[in-house]
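[1] below is the sequence, then the predicted model.
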Amino acid sequence: EVQLVESGGGLVQVGGSLRLSCAASGLTFAKHAIKWFRLAPGKEREGAACISNYDGSTWYSDSVKGRFTISSDNAKNTVYLQMNNLKPGDTAVYYCAATYRYPDDVLPHCGLEFGSWGQGIQVMVSS
């Protein structure tokens with residue numbers, strides 16, 4: 001059974017930093033991409049950042065590019081999201097999700113459907 005557990009959320013002031021962690025178990029970590037999504041009140045869920053442990057590729061949404069950095073520790077089966085220069089618009093519940101890379105997949109790994117999800121963690125940025 002795939003399990004994804006987020007940690008590291010909380011309350012931070014504008015301009016501050018947080019580091020989220022996504023600890024994965026029950027999967028072949030090296031063949032999965034991990035993507036961070038976020039859901040803010042009154043808004044649709046959006047992808048924020050993604051990393052493929054299969055090919056090392058990364059992806060960032062325009063809204064976080066230059067402020068967030070995603071990284072992966074294969075020895076710990078954990079993906080991190082370093083969030084700097086946080087803004088009130090970053091306030092949301094953050095979820096990590098995983099998807100497997102099959103040999104015949106033609107889309108970029110981070111562009112695939114993500115079927116395994118964590119429970120989410122709250123990030124609140126106060127002004």
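    Perfect, thanks for sending it.
[2] contact partners of stretch 29-45?
    Residues external to stretch 29-45 that are found in contact with it (CB atoms under 8 Å, 6 or more residues apart in numbering): 4, 20, 22, 24, 46-54, 59, 70, 72, 74, 77, 79, 81, 89-101, 109-110, 112, 114, 120, 123. C-beta: built from backbone N, CA, C; applies to glycine.
[3] now the closest residue to residue 55 other than its chain neighbours. Its backbone dihedrals?
    In space, residue 55 comes closest to residue 109 once its chain neighbours are excluded; the distance is 6.2 Å by CB to CB, 6 or more residues apart in numbering. Dihedral angles of residue 109 (phi, psi; degrees, to the nearest 10) stand at phi -60, psi -40.
[4] who's in contact with the closest residue to residue 16 other than its chain neighbours?
    Beyond its immediate neighbours in the sequence, the residue positioned closest to residue 16 (CB to CB, 6+ apart) is residue 86, lying 5.4 Å away. Applying CB under 8 Å, 6+ apart to residue 86 gives the contacts 12, 14-18, 67, 123, 125.
[5] in strands only, show me the residues you listed.
    When DSSP state E is applied, the contacts of residue 86 are split such that 12, 18, 123, 125 fall in strands.
[6] for the third one, give its distance to residue 76.
    Read it as residue 123. Separation of residue 123 from residue 76 (CB to CB, to the nearest Å): 21 Å.
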